[in-house]
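Asker: Can you look at this prediction? I've put the sequence above it.
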Amino acid sequence: MLLYKKLTNTALHQLMTYLAFVQKEKRLLSFAISFTFFSSFGQTFLISLFVPYFLIAFDLSNAAFGTLYSVATLTGAVALPWLGQWIDRIPLRQYSMYVALGLLFASVLMAISWHISMLFLALILLRLSGQGLSGHTAQATMAKKFDGERGKALSISALGYPIGEALLPSVLAAMLIVFSWRTVWGIIAAFIALIFIPVIWQLIRKEKSVETGTNGNPKDLPSTRDNYRTVFSDNRTYFLIPAVLMPPFWVTGLFLYQIAAAEALGWTAALIASAFIAFAVSRILMSLISGPLIDRFSAQKLFPILLIPMTIGLLIAFAYEANWAAFVYMGMIGVTMGMGTTLKAALFTEMYGADKIGTVQSLFATIMVLSTALSPFLVGWMLDNAITIHTILLTAAITCVLSGLLSLFVLPVFHKSR
């Protein structure tokens, strides 16, 4: 009973701390959540809803569109490091408006696309401004602006991702029944122009200075080349990269082929779709829980446990075919994804400094996007070559374990703090 009261009091204290923080910083937190929510329009889960219409309108095969989409993603990834580092160098209100206008232009271009070249350009801009720069703007702002409460800020700002995943697919699917796909993109563009841009402008219009994360002059910041040299001269970087890449790499490949995987594991398509509820709920909860933990223990100390939940989920799916296993599998992946969104931005700030976070985060985002572009090819090739889903799951679990062991070397005990 005493332990129960202690845990209850601790939970209530954390909740009150969260609420007080949200009330105090509601303007910047709303700004960040807006960006993570609207990043959905450049994410694969949303664009995939339009794929059947793209195939018919532009006379494409699945393989042809897959190649087009991968090249568009890679093209956006190449531009991300250069564009991402500018958040360290120009006023936030100016940078955020550029990103929002880029997303608006991409949506308009998609709505009026009549040739495959326009579709390709629209995909590049959606992936760059949506998946890449929108999330980058939110996370870099939170990492720069907040120090002692950085974990809370990052965890709250990340809520826009699962909210978008939960709401937008069903809304757009219903709209596609009534309207043509080009009209739907026109409605999306209007939504961005009339809601997103005015809201973020109102929230950020008073931010005139460049938020460097230090008291230094932004003009005195190191060059992008110097920042890259700092990252790659730090031995911890090479132990960090595998653990950063594993969750998005395997989630992209396994989720893309989730129907085939479900059938091979003895699950129905309806069951795996229902299991996404466990994914979304666990991702939201872990995003909120991880924030205070980061503030208390530091991201460097917590990072090595990032891949443990996902590894457990993969092994459960490998070993059990019961219906409950689908929910545990998706829930454990959601825990890692929710924790990772908050943890990585805080870790980069601790390791490399808040004044470099824009450059560093965009660099790692580029590496991540490159890996997720390769994942569908690898998993598809394995399935085409009669490699069973059980073997794929076991391979994913083994690589997660190895990456988790390597990530132990980012702990402060192995390196002097910067």
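Answerer: Cool, got the structure. Remember, it's a predicted structure, so these values are computed and weren't measured experimentally.
Asker: can I see the domain layout of the protein?
Answerer: 26-210, 223-409 (automatic domain parsing).
Asker: Would you mind giving these as JSON lines with mean neighbour count added?
Answerer: Heads up, the C-betas are built off the backbone N, CA and C, glycines and all. Output for those, formatted as JSON lines (neighbours: other CB atoms under 10 Å):
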{"stretch": "domain 26-210", "mean neighbour count": "19"}
{"stretch": "domain 223-409", "mean neighbour count": "20"}
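Asker: Dump those into CSV; add mean pLDDT and distance to Thr17 as well.
Answerer: Shown next, in CSV, are these (pLDDT from 0 to 100; distance: least, CB to CB, whole Å):
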stretch, mean pLDDT, distance to Thr17
domain 26-210, 88, 8
domain 223-409, 85, 7
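Asker: Now do the contacts for Ile197.
Answerer: Met97, Ala100, Leu101, Leu104 (CB atoms under 8 Å, 6 or more residues apart in numbering).
Asker: let's see it at 7 Å
Answerer: Ala100, Leu104 (CB atoms under 7 Å, 6 or more residues apart in numbering).
Asker: which SS class is it?
Answerer: helix (DSSP: H, G, I helix; E, B strand; the rest coil).
Asker: State the distance from it to Asn62.
Answerer: 35 Å (CB to CB, to the nearest Å).
Asker: ok, now how distant is the most centrally placed residue in the chain from Thr366?
Answerer: The chain has Thr341 as the residue nearest its centroid, 6.1 Å off, counting by CA atoms, centre = their mean. Applying CB to CB, the value for Thr341 to Thr366 is 17 Å.
Asker: what do you get for Ala77?
Answerer: Taking CB to CB, one finds Ala77 at 5 Å from Thr366.
Asker: Which residue is the nearest non-sequential neighbour of Leu74?
Answerer: Ala373 (5.3 Å; CB to CB, 6 or more residues apart in numbering).
Asker: quick one, what contacts the one you found?
Answerer: Ala373 touches Ser70, Thr73, Leu74, counting by CB under 7 Å, 6+ apart.
Asker: quick one: which helix or strand includes the first one?
Answerer: Assigning secondary structure by DSSP states H and E places Ser70 in helix 62-84.
Asker: Which elements pack onto that helix?
Answerer: Here helix 62-84 touches helix 51-57, helix 116-126, helix 357-384, going by 3 or more CB pairs under 7 Å, 6 or more residues apart in numbering; DSSP states H and E.
Asker: Please export the C-alpha coordinates of that helix as CSV.
Answerer: Extracted in CSV, the C-alpha atoms of helix 62-84 (Å, rounded to 0.1, in the frame of the first residue of the first chain):
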residue,chain,number,x,y,z
ASN,A,62,4.0,-0.5,-58.9
ALA,A,63,7.7,-1.1,-59.5
ALA,A,64,7.9,2.1,-61.6
PHE,A,65,6.2,4.2,-58.9
GLY,A,66,8.3,2.6,-56.2
THR,A,67,11.5,3.6,-58.1
LEU,A,68,10.1,7.2,-58.7
TYR,A,69,9.3,7.5,-55.0
SER,A,70,12.7,6.2,-53.8
VAL,A,71,14.5,8.6,-56.1
ALA,A,72,12.3,11.5,-54.9
THR,A,73,13.1,10.5,-51.3
LEU,A,74,16.8,10.3,-52.0
THR,A,75,16.8,13.6,-53.8
GLY,A,76,15.1,15.3,-50.9
ALA,A,77,17.6,13.6,-48.5
VAL,A,78,20.6,15.1,-50.4
ALA,A,79,19.2,18.6,-50.0
LEU,A,80,18.3,18.2,-46.3
PRO,A,81,21.7,18.8,-44.7
TRP,A,82,22.2,22.1,-46.5
LEU,A,83,18.7,23.4,-45.9
GLY,A,84,18.5,22.0,-42.4
